[in-house]
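Participant: Give the three-dimensional model of this entry:
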Amino acid sequence: MQITYIKTKFTNTVNISKIITVHYYEFDKTFVFNGESHDFWEMVYVDKGEVEVKSGNKSLILGQGEIIFHRPNEFHSIKAHNSSPNFFVISFVCKSPAMKHFYGYHATLNNKLKPIIASIISEAENTYIIPKNDVFLSKLTLKASAPIGGEQLVKVYLEQFFILLLRELSKKSKTEIFPSKSAFENQLVETVKKYINDNITSKITVNEVCKKIGYGKSVLCSVFQYYTGTGICHYANSRKIEYSKTLIREGNMNFTEISDYLSFDNPQYFSRVFKRITGITPSEFKFTLIIPIN
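Facilitator: Take a look at the predicted model:
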């Protein structure tokens, strides 16, 4: 028996045809970019601190975890707001009709979508030459060592992000009376993260976290490792180092004072942890800071 096979054509809900720029910025609290408009989309996601964004004729403050989209030809500007912000910017060409849902859109990003943002940044940094804190970068240059398919993965991750965000926008809210095991464990992980972030200047140990959360060490460490891919102590140190970078950018404390403030045993240990996590010393990080002049 001969079977006639029908070839089904893919339907593209979101098709991103070109990438313009990708940036991850770490600026001090004096940062100001006076603005521009262009014929392509731009997305801004705040990873830390606060920024003041002007979009068209509207101004708003974006905090950690918030995102905004600037549609083509919309004037927009950005500056630090009472903090030293970290934020991610990507600009791209997309003419899909579905993008109309993002006109004027800004919101706090769902936790499920944050790892995709991280994947976009990571793949872009591996694929393109991206100078640190260059707000005037107008063209991406492919690295000689770019991994196979890096450009395509940036496109795929970005399209995946928009498709999942569209689903979030369209689905009706549903509340589970009895949360699933995974939902419960996710909440447990978020509770640990909140405790660490709320006590970032204190000396944090696994035993202390377990005592405060009310769970045994083996269970809590196992669940946290499973959902985050890292240990509780490493996560706590990573958060302390991220906070220390903000303090360094603000320039109100020296390295010894920062080490004491964040409850490291001594400045030498602080420096070792900083280099282990970031790949550079606190002094080298401070040297890389660039304040754009407009």
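Participant: Grab the nearest non-local neighbour of Q160.
Facilitator: Closest residue to Q160 apart from its sequence neighbours, by CB to CB, 6 or more residues apart in numbering: I116 at 6.1 Å. (Each C-beta comes from the backbone N, C-alpha and C, glycine too.)
Participant: Quick check on T141: phi, psi?
Facilitator: The phi and psi values for T141, taken as degrees, to the nearest 10, are phi -110, psi 130.
Participant: how deep is the residue nearest to it when sequence neighbours are not counted tucked in, by neighbour count?
Facilitator: Nearest non-adjacent residue to T141, counting by CB to CB, 6+ apart: I129, 4.5 Å away. As a burial measure, I129 scores 12 neighbours (other CB atoms under 10 Å).
Participant: Quote the end-to-end distance of stretch 23-30.
Facilitator: 19 Å (CA to CA, to the nearest Å).
Participant: before we move on, what about stretch 191-204?
Facilitator: With CA to CA as the measure, stretch 191-204 spans 14 Å from end to end.
Participant: That stretch - what's its average pLDDT?
Facilitator: Averaged across stretch 191-204, the pLDDT comes to 91.
Participant: ok so, going back, for the residue nearest to Q160, pull up the helix or strand it's in.
Facilitator: helix 114-127 (DSSP states H and E).
Participant: Name the surrounding residues that touch that helix.
Facilitator: 22, 24, 45, 65, 88, 90, 109, 130, 142-143, 146-147, 150-151, 153-154, 157-158, 160-161, 164 (CB atoms under 8 Å, 6 or more residues apart in numbering).
Participant: other SSEs contacting the top strand by length along the chain?
Facilitator: Criterion DSSP state E: the longest strand present in the chain is strand 16-26. Strand 16-26 makes packing contacts with strand 86-94, helix 114-127, helix 150-170 when contacts are defined by 3 or more CB pairs under 8 Å, 6 or more residues apart in numbering; DSSP states H and E.
Participant: Neighbouring strands - and their directions - for that strand?
Facilitator: strand 86-94 (antiparallel) (DSSP bridges).
Participant: who's in contact with the residue nearest to the spatial centre of the chain?
Facilitator: Note on the chain: the residue nearest the mean C-alpha position is D47, at 4.5 Å, using CA atoms, centre = their mean. Applying CB under 8 Å, 6+ apart to D47 gives the contacts Y24, Q64, N86, F87, F88.
Participant: State the pair within those residues that is farthest apart.
Facilitator: Y24 and Q64 (14.4 Å; CB to CB).
Participant: Of those two, which one has the most company?
Facilitator: Y24 (20 against 16).
Participant: how near is the more buried one to V223?
Facilitator: Between Y24 and V223 the distance is 29 Å, computed by CB to CB, to the nearest Å.
Participant: so how many other residues sit close to the closest residue to E242 other than its chain neighbours?
Facilitator: Excluding its sequence neighbours, the residue lying closest to E242 (CB to CB, 6+ apart) is K48, at 6.8 Å. Counted with other CB under 10 Å, residues neighbouring K48 total 17.
Participant: before we move on, what about K245?
Facilitator: 22.
Participant: surely it meets K286?
Facilitator: No: judged on CB atoms under 8 Å, K245 makes no contact with K286 at a distance of 9.3 Å.
Participant: Just want the phi and psi numbers for S59.
Facilitator: According to degrees, to the nearest 10, S59 has phi -120, psi 140.
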